[in-house]
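**Q** Give me a model of this one.
(3 chains)
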Amino acid sequence: MEALQFIIILIFSPMLQGLIKKFKANMQGRLGPGIFQTYYDLARLLKKDMVVSNVTSWIFRATPYIVFISTLAASMIVPVITAQYPFVAVSDVIALIYIFGLARFFMALAGLDAGTAFGGEGSSREMTVAVLVEPMMVLSIFTAAISAGSTNLAMIAKTQNIFYSPSHVLAFSAFIVAVIAETGRIPVDNPDTHLELTMIHEGMLLEYSGRYLALMEWAHYMKQMLLFTIAVDIFFPFGIVAGALGITGFAASFGIYTGKMLFMCFLMALIESTRAKMRFFQLPSLLGGAFVLSALSLLIYIMMGR
Amino acid sequence: MQNWIEAFYVIDFISVGILLTAVSMNAVSRLETCVKVYTLNSLLLSLLIAIVATIIGEAHLYAASIITMLGKGILIPLFLWKIVKQMKVTHEVEPYISNTLSLSISGILVAVVYASLKEGIFVTGFAKNVFQISLAVILIGLFIMISRRKAITQIIGLLFMENGLFLAGFSLTFGMPMVIELGVLFDMLMGVIILGFFAVQIRKAFRSSDLDKLTVLKG
Amino acid sequence: METESLFFIGVLCFLSAAALSLLPMPKVRSFNYILSTVGAIIFAATGLNLMTGSPEILFSSPLNSMMDFVYRGDALSGFFVIVISILTCAVSIYSIGYSKDVGRAALMGVLYNVFILSMYAVVLSGNIVTFLISWETMSVVSYFLVTFSRDEKSVKAGLVYAVMTHLGTAFIIAVFMILYKYTGSMDFSGMKEFSARIPLHLKDLIFVFSIIGFGTKAGIIPLHTWLPRAHPAAPSNISALMSGVMIKTGIYGFIRVSMDIVGSGPEWWGMVIVVVGAVSSVLGVMYALMEHDLKRLLAYHSVENIGIILLGVGASMVFMSGGFYKLSAIALIAGLYHTLNHAVFKGLLFLGAGAVLHTAKTRNMEELGGLLKVMPYTGLFFLIGSISICALPPFNGFVSEWLTFQSMLIGFRSSSAISKILLPLCGAALALTGALAAACFVKAFGISFLGMPRSGHAEHAREASFSMKTGMAFLALLCLLFGIFPGAVVSVISPASFLLTGSYGMEASGPGVLRIGETLSALSPLALLVTMVIMSFATMVFIRIAGGKRRTEHRDSWDCGMPALTPRMQYSAAAFTKPIRLIFKKIYMPTREVKISYLLKPFFVKAIEYRGEITPFFEQYIYSPVTDFIHKHAGKIRLLQSGSLHLYLGYILITLIALLVFGT
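**A** Here you go, the predicted model:
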């Protein structure tokens, strides 16, 4: 039963994307698409025929599956509503980052496979952003991991309280920047355009169509929800069930989790609506600043002992 | 009252806030924002003193808090604001060091302070953290003075140093006697006013507020 | 069988292989590589025996009354013997096919076998004399292999290599002289016994000298300059051995001297090693990223990986000096595990690059492309190597990098303030390295193997021969196995870490699981792999049910409605790395040069020539000033060599008198 908590991520991740879009539309005074629109899109894509470039190799065809499956595997080891489940022993947060790395590696290769300039551009930028994000993300996670004495995500979730020290707040802010960059949101990437000047993630997916595209998009939604979940697990895990999951425990934990996810969606929509897309070469100053923030969080943790 | 202060480690949060405002000075290029950041720093400082005053209940600390708020939180920022408006410069153009690098350097400064004060530190308890942070703020203030070109940012760097010194003194002794504090504050005020006039004069004389231009004065 | 006799049979195999390759019959000659494969397997058995058993003397014969010729093995040397054997096994199989087209097969065969034997000799040496003789044999033979193709470039690379390696050897000799003076023993075991007699400040000196001496061989920054020149110049099977295991002898020597013989030192030793490791790994991978020559890129990655190994070793030294033996063992296992892994995947990558070079006749990525279609197997193996080196699950690099992360994280438990900050920050450096490595191999694999062929060479490439594929397949399989059975690998490594730290570090918990009790963290790549396989079937079934059967049309890539895309419109390696080049311009100091020729100025452009380069910092600002200085002043030294016989005799007289006066 507890092993199936990953299904929450599998099923609700497109809705999360819909919610963010809805929030964003409301903030901008638009009606916006319904929150189920992403599901309709996925269903339609699954039923479509595909056009595949004849320049491509098997990498191009394998990538959607590898990306989708590795994201799915990542979601199986993350505690969503309970911290006691079959994979709890291996729910390692560093391993998680590297599983995402596997998906990104293949996505970037697929971008280069069709031999178009768009794909290459997307891959190149994606890897560059990853270079800037990864150290900051690891360092902000280190702060939480050191205070919990473990890199085990369930263990971190069990031992942390809500924002009990300044170092935590700093690490959380750095982590949010990392989440924004990893999910390709403003100000790092613009998910709504297909303009070659701005696109990173879309550039790599340009050659995909039909079910491959559906898998890639779905994996992207799942990754986004997973990152939100990790942020929640690490920085404000209150309400997560530590023991066996009963009916009441499930209901309570799921309710709190829903609330936290709504908060994250709102936060993302707020950031997206109030910030402008940054020029690509200005990103280092944003992400570098976030890196200093995460380094400071570690320092302050060591300095204050909490 | 005391309970929730301890439960939420408010002192920690405020002292880290003081540190962060100092660090973020390195990433700010608009002069108006610089002034705002300094104001925030001073207000946080006065808040910290007020909270410690409620804990230990000493009357002169309340006074110190109010004086800090009025002097450093309102008076000096207002004056700086005026100078910035007069100078008609809004941006720090081309700092010597890029923002990311100077941010990193201020991070390193914090690390150095921590590593050098870890062993054999003579204050304990919450004051230890505050003392370390105050030293870091002093160093960062000095670093701001080194790395910026404009006269006005130099003044702000100096003011950050003074805030750091004040915090250091406060963490060691719970505040110096009122007369000294008043004297220091008055000195600062005078210093800022004089420096402000200098800055305006420099701008008039050299048609630029870059301190680099001062090198032509030597014989 | 006894370890001793296994050792003899192994040596015999390599010697007879060397003799065999001298035979004038080409058909028989290529069998020498089969013999060396057998020799490698026998040596692997020797290594396993050494790891499980107690230290023993394998061979000993007195040279004179003062010194012996001793080969002696313990768990640490046993581990390195296994590492060398694994790679030798694969490379020998590969060489059967590869050596056919290299030319001068006889010379190649002799040098190849002697080279491998000398590496075994280095890690099995029992005393100073044996070590130095083996070390120099290794250096000299590898010099001949670097200059094997005899063209101008490789001769120059060989010269740089020879100079650097002898510089290192000088420092190593100095280390041994100090050790001998104070311990009065030439045997490593004797020196270890009496190491307490060495004064503390001289221990520091030994440490610094051994970093320089062994670090030159290992290729740490800034002593790495020979590496990206020499490794690509050698034939590819030799590059694989040099990059995969020869540089590890530097790591072996360093561990042997600084951790085994001298014992634990002050904490700053470990911190210096950690910083050197972090700098080497970050800068190594950064320079690799800007390299568009496939083999030079891989050579720079060796610098990076040596850095990662040193992160583990350095953390181990930090913990050791603080008395945290268990943590020290974990960190050392991380370092040694990465040593093993790097040998496997770097060997694999160099063999893959060799296969590409063999058929496409170029190492320049900008002329490759689309190779995956014509060389499917080589492409697959190169991809596996790339995933491994980027430390992505479920392959082997991931496990050792995860262990290194854990050792950096538990640096927080160490006692001193500086290491508490330093180790986690170096963990961030490791993350940066990992991300840069991923970018680098997306470039290396994506540009060379995917897309459209960028030149005729790439278009007419063909798949490698059977033996070459077999060699690569063996290593690719090991990449996977070492990745999904980390528990088994660690149980093999742990005797070596027990020897040095007195602790096993990790509790054994099944071959597919890795568990660190200190941080309550665990890793199970096997479970991950199984989950992923099951999930992939589930996904395929779901897609089929949800979407039904759909057609797939094959068309051209999206070309914005223009006439068909040409290979020249693809993203090039230089373009791929441009954002990183600009972001880290403080480190790269890039230069660019654009030449535009016009038909009619300024609107009608005929051609644009773009040349972008990065400034090689260490070569330009450290090495060339030094060499310039030496060139300038070398003339003055010539005065000593006047050609007069009387003067030479005078030198001898002065030397003799000096010896008489100061020597007694």
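**Q** can we go C-alpha only for contacts and neighbour counts from here?
**A** Fine.
**Q** The residue nearest the centre of chain B: what secondary structure?
**A** In chain B, the centroid-proximal residue (CA atoms, centre = their mean) is residue B:160; its distance is 1.8 Å. Following DSSP: H, G, I helix; E, B strand; the rest coil, we place residue B:160 in the helix state.
**Q** now the helices for the stretch 201-306 of chain A?
**A** A:201-205, A:210-235, A:247-274, A:283-304 (DSSP state H, counting those that start in this stretch).
**Q** any chance of those helices in CSV, plus mean pLDDT and distance to residue C:323?
**A** Converted to CSV, the helices of the stretch 201-306 of chain A look like this (pLDDT from 0 to 100; distance: least, CA to CA, whole Å):
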stretch, mean pLDDT, distance to residue C:323
helix A:201-205, 87, 48
helix A:210-235, 93, 31
helix A:247-274, 90, 44
helix A:283-304, 88, 21
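**Q** Redo these as JSON lines? Include mean neighbour count.
**A** JSON lines is the format used below for these (neighbours: other CA atoms under 10 Å in any protein chain shown):
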{"stretch": "helix A:201-205", "mean neighbour count": "25"}
{"stretch": "helix A:210-235", "mean neighbour count": "23"}
{"stretch": "helix A:247-274", "mean neighbour count": "16"}
{"stretch": "helix A:283-304", "mean neighbour count": "24"}
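**Q** Just tell me which of these ends up closest to residue A:47.
**A** helix A:210-235 (7.1 Å; CA to CA).
**Q** Can you tell me the centre-most residue of chain A?
**A** Note: chain A centre (CA atoms, centre = their mean) maps to residue A:224, 3.0 Å.
**Q** thinking it is in contact with residue A:183, fair?
**A** Yes. Counting by CA atoms under 8 Å, residue A:224 sits close enough to residue A:183 to count as a contact (5.7 Å).
**Q** Nearest to chain C: which residue in chain B?
**A** At 5.5 Å from chain C, residue B:115 is the closest residue in chain B, using CA to the nearest CA.
**Q** what does the helix or strand containing that residue contact?
**A** When elements are assigned from DSSP states H and E, residue B:115 belongs to helix B:99-117. With contacts defined as CA atoms under 8 Å, 6 or more residues apart in numbering or on different chains, helix B:99-117 is touched by A:284-285, A:288-289, A:292, A:295-296, A:299, A:303, B:23-24, B:26-28, B:132-133, B:135-136, B:139-140, B:143, C:417-418, C:421.
**Q** Next, see if the helix or strand that that helix is followed by gets close to chain C.
**A** Remark: after helix B:99-117, the chain's next helix or strand is helix B:126-147, criterion DSSP H and E. No. Using CA under 8 Å from any CA of the partner chain, helix B:126-147 stays clear of chain C, with a minimum separation of 13.8 Å.
**Q** buried ones in helix B:126-147?
**A** B:127-145, B:147 (16 or more other CA atoms under 10 Å in any protein chain shown).
**Q** again with stretch A:55-62
**A** Buried-residue list, stretch A:55-62, by 16+ other CA under 10 Å: A:55-57, A:59-60.
**Q** and it with chain C, contact?
**A** Yes. Against chain C, stretch A:55-62 shows contacts by CA under 8 Å from any CA at A:55-57.
**Q** Among these, which lie within helices?
**A** Among those, no member falls in helices (criterion: DSSP state H).
**Q** What is the neighbour count of the closest residue to residue A:138 other than its chain neighbours?
**A** Nearest non-adjacent residue to residue A:138, counting by CA to CA, 6 or more residues apart in numbering or on different chains: residue C:428, 6.2 Å away. When neighbours are defined as other CA atoms under 10 Å in any protein chain shown, residue C:428 has 26 of them.
**Q** Tell me how far the helix or strand hosting residue C:428 lies from the chain's centre.
**A** If you go by DSSP H and E, residue C:428 is part of helix C:417-449. Chain-centre distance of helix C:417-449: 17 Å, with CA atoms, centre = their mean, to the nearest Å.
**Q** Pull out the buried residues from whatever helix or strand comes next after that helix.
**A** Counting by DSSP H and E, the next helix or strand C-terminal to helix C:417-449 is helix C:456-459. Of all the residues in helix C:456-459, those buried under the rule 16+ other CA under 10 Å are C:457-459.
**Q** And the pLDDT for residue 71?
**A** Here I'm looking at chain A. On pLDDT, residue A:71 comes in at 94.
**Q** My question was about chain C, not that one.
**A** 89.
**Q** got the residue ranges for the helices in the stretch 401-550 of chain C?
**A** C:417-449, C:456-459, C:466-484, C:486-501, C:525-547.
**Q** could you check the angle helix A:283-304 makes with the longest one?
**A** To tie it back to what came earlier, the one meant is helix C:417-449. Regarding helix C:417-449 and helix A:283-304, their directions subtend 150 degrees when assessed with axes from the mean of the first three to the mean of the last three CA atoms, to 10 degrees.
**Q** One more: the third one?
**A** On the basis of the same axes, to 10 degrees, helix C:466-484 is oriented at 40 degrees to helix A:283-304.
**Q** packing partners for helix C:466-484?
**A** Contacts defined by 3 or more CA pairs under 8 Å, 6 or more residues apart in numbering or on different chains; DSSP states H and E place helix C:466-484 against helix C:75-98, helix C:325-360, helix C:376-389, helix C:396-409, helix C:525-547.
**Q** lowest confidence element among the helices and strands of the chain?
**A** All of this is about chain A. Least confident helix or strand, chain A: helix A:153-159 with a mean of 85, by mean pLDDT, DSSP states H and E.
**Q** meant chain C actually
**A** helix C:26-29 (a mean of 76).
**Q** Is it correct that residue A:31 falls within a helix?
**A** No. Secondary structure of residue A:31, determined by three-state DSSP: coil, with no helix assignment.
**Q** Pop the domain breakdown of chain C in here.
**A** C:3-528, C:583-615, C:620-663 (automatic domain parsing).
**Q** picking up where we left off before, Serialize the buried residues of stretch A:55-62 to TSV and add fields for pLDDT and distance to chain B.
**A** Converted to TSV, those look like this (pLDDT from 0 to 100; distance: CA to the nearest CA, whole Å):
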residue	pLDDT	distance to chain B
A:55	89	42
A:56	91	40
A:57	92	41
A:59	94	38
A:60	94	38
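**Q** In those residues, find the pair that's most separated.
**A** A:55 and A:59 (11.2 Å).
**Q** where do the contact lists of these two overlap?
**A** In contact with both residue A:55 and residue A:59: residue A:113, using CA under 8 Å, 6+ apart.
**Q** Surely residue A:134 and residue C:435 touch.
**A** Yes. The pair residue A:134 and residue C:435 qualifies as a contact (CA under 8 Å) at a distance of 6.6 Å.
**Q** thinking again about what came up before, what's the least confident helix or strand of chain A packed up against?
**A** Using 3+ CA pairs under 8 Å, 6+ apart: helix A:153-159 touches helix A:117-148, helix A:210-235.
**Q** rerun at 10 Å
**A** Here helix A:153-159 touches helix A:93-113, helix A:117-148, helix A:210-235, going by 3 or more CA pairs under 10 Å, 6 or more residues apart in numbering or on different chains; DSSP states H and E.
**Q** Following element in sequence after it, please.
**A** helix A:166-182.
**Q** returning to what we had before: kindly identify which of the buried residues of helix B:126-147 also come near chain A.
**A** B:128-130, B:132-133 (CA under 10 Å from any CA of the partner chain).
**Q** what pLDDT does the residue in the stretch 501-650 of chain C that chain B sits nearest to get?
**A** Residue nearest to chain B within the stretch 501-650 of chain C (CA to the nearest CA): residue C:586, separated by 10.5 Å. For residue C:586, the pLDDT comes out at 85.
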